[in-house]
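**Student:** next comes the sequence, and after it the predicted model I'd like to discuss.
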Amino acid sequence: MRNLVISFALASIAIPVEAKELMPNDRYMCSWGAGTAARAQELKLQGVSLYAARQKIQGYKFNKAWMRMMAMGITEQTYDSQSRFKPEAIRKSFYEDCVRYKLARK
């Protein structure tokens, strides 16, 4: 039991340190992607077809050139998944995985 408590204590110290190493641009990209995945999951759960979801993406205005293709890719992956999780759970999972990936690349 003592080792478990020590492990949690160390983990709680390590996580904030890792988060500080993430560049602001990477944090923005992960946050934006997580929101995109959550919106795609919401549309999927509402029964909106992938075709209609793609059409919606085409109508959005994006700040950066890479965003449209990234949004398409995230949406397609979301629709290909059998997941029925709530959009908020998808947002959280996507963000955490993205941050983990970005930190691992360093």
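**Tutor:** Done, it's in.

**Student:** rest of the way, CA atoms for contacts and neighbours
**Tutor:** Fine.

**Student:** who are the contact partners of F85?
**Tutor:** Contacts for F85 (C-alpha atoms under 8 Å, 6 or more residues apart in numbering) come out as none.

**Student:** quick one: secondary structure of it?
**Tutor:** coil (DSSP: H, G, I helix; E, B strand; the rest coil).

**Student:** next up, phi/psi of it, please.
**Tutor:** Backbone torsions of F85, given as degrees, to the nearest 10, read phi -60, psi 160.

**Student:** quick one: buried residues of the longest helix along the chain?
**Tutor:** Ranked by number of residues, the top helix in the chain under DSSP state H is helix 24-45. Neighbour counts using 16 or more other C-alpha atoms under 10 Å place 27, 29-45 of helix 24-45 among the buried residues.

**Student:** over to stretch 71-85?
**Tutor:** Buried residues in stretch 71-85, counted by 16+ other C-alpha under 10 Å: 71-72, 74-76, 78-79.

**Student:** for the residues you listed, work out which two are farthest apart.
**Tutor:** Put simply, by C-alpha to C-alpha the two of these set farthest apart are A71 and Y79, 12.2 Å from each other.

**Student:** before we move on, back to that, ok, so of the buried residues of stretch 71-85, who is nearest K86?
**Tutor:** T78 (12.0 Å).

**Student:** and the closest one, which helix or strand is it part of?
**Tutor:** Element membership of T78 [criterion: DSSP states H and E] is helix 66-80.

**Student:** quick one: A38 and R84 touch, right?
**Tutor:** No - using C-alpha atoms under 8 Å, A38 is not in contact with R84, being 11.6 Å away.
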